[in-house]
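generate a structure from the sequence data that follows.
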Amino acid sequence: MDNTLQLIFFFVIIIPSAIIHEYAHAWMADRLGDPTARNMGRLTLNPIPHIDMFGTILMPLFLFFASGGNFMFAYAKPVPFNPYNLRDQKRDPALVGIAGPASNLLIAFIVGLFVRFMPISEFTFLLSIIVYANILLAVFNMVPIPPLDGSKVLFAILPDSAWQFRQNLERYGFMILLFFIFFAFDIIIPVIRFIYLLIVGRPLF
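The predicted model follows:
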């Protein structure tokens, strides 16, 4: 398949995968006592409330053209939640954070079973892109840099004495994240490939 067509299909897949990711956050927060997302109409699989003009539309197009059709990424509008409504204000934000990546890994596992046991074909190649896109979303979001989901897990296990470290990480998180995306993103590629291999049983693509 042509590389441009692969990226277009990746874009078509990454958006609903990101929407399911955000829905999982909303569902978990609601289950743990915070109705914020539900009250704001975000506890839904309807894509419209989850679309972020920059992250879902403009950024993928910019990356596509800026990279000459070689790279694309997208995200949905983050789901808001109020940690003060959660039953356990230290543990539950981590559970809300984990819910999004877990939903993507579940999708990757289910679709990956088809790729694993079906003959190699153009169809299974398309399915493999779905698996890859969802593993990418899960692994990337578990990087412990605010505002990514992994930071919520990190903050849940940090001792209370590390509050100054947490404040600094939250203050400079966006700049650290940009540095990671542009200069250190390759660090997570082996993790993505390893999880893909575990699920599918053969190397990526």
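
and stretch 178-195, how far from the chain's centre?
Computed by Cα atoms, centre = their mean, to the nearest Å, the chain-centroid distance of stretch 178-195 equals 13 Å.

cool, stretch 47-66 as well?
Distance, centroid of stretch 47-66 to centroid of chain: 14 Å (Cα atoms, centre = their mean).

buried set for it?
By 16 or more other Cβ atoms under 10 Å, the buried positions in stretch 47-66 come out as P47, P49, H50, I51, D52, G55, T56, M59, P60, L63, F64. Just so you know, the C-beta spots here come from the backbone N, C-alpha and C atoms, and that holds for glycine as well.

and for stretch 90-104?
Going by neighbour count (16+ other Cβ under 10 Å), the buried part of stretch 90-104 is 92-104.

pull that stretch out as CSV, backbone CA atoms only.
Presented in CSV, the C-alpha positions along stretch 90-104 are these (Å, rounded to 0.1, in the frame of the first residue of the first chain):
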residue,chain,number,x,y,z
LYS,A,90,-4.8,10.1,45.4
ARG,A,91,-5.5,6.7,43.8
ASP,A,92,-8.6,7.5,41.7
PRO,A,93,-7.0,10.1,39.4
ALA,A,94,-4.5,7.4,38.4
LEU,A,95,-7.4,5.0,37.6
VAL,A,96,-9.0,7.7,35.5
GLY,A,97,-5.7,8.2,33.7
ILE,A,98,-5.1,4.5,33.1
ALA,A,99,-8.6,4.0,31.7
GLY,A,100,-7.8,5.7,28.4
PRO,A,101,-4.6,3.7,27.5
ALA,A,102,-6.3,0.5,28.7
SER,A,103,-9.2,1.0,26.2
ASN,A,104,-6.6,1.4,23.4
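
residue most distant from the centroid, the chain?
Distance from the C-alpha centroid of the chain peaks at S161, with 29.5 Å (Cα atoms, centre = their mean).

which other helices and strands contact the lowest-mean-pLDDT helix or strand in the chain?
The weakest-scoring helix or strand in the chain, judged by mean pLDDT, DSSP states H and E, is helix 59-66 (a mean of 80). Other helices and strands packing on helix 59-66, by 3 or more Cβ pairs under 8 Å, 6 or more residues apart in numbering; DSSP states H and E, are helix 3-31.

quick one: average pLDDT of the helix it packs on?
What helix 3-31 shows for mean pLDDT is 91.

list the buried ones in that helix?
6-7, 9-11, 13-30.

stretch 67-83 too?
Buried, per 16+ other Cβ under 10 Å, within stretch 67-83: G69, M72, F73, A74, Y75, A76, K77, P78, V79, F81, P83.

nearest to M40, of the residues you listed?
Nearest to M40 among those is V79, at 8.4 Å by Cβ to Cβ.

assign that closest one to helix, strand or coil.
Secondary structure, DSSP: H, G, I helix; E, B strand; the rest coil: V79 is coil.

name the nearest residue to I57, ignoring sequence neighbours.
Nearest residue to I57 in three dimensions, chain neighbours excluded: I51, at 7.2 Å (Cβ to Cβ, 6 or more residues apart in numbering).
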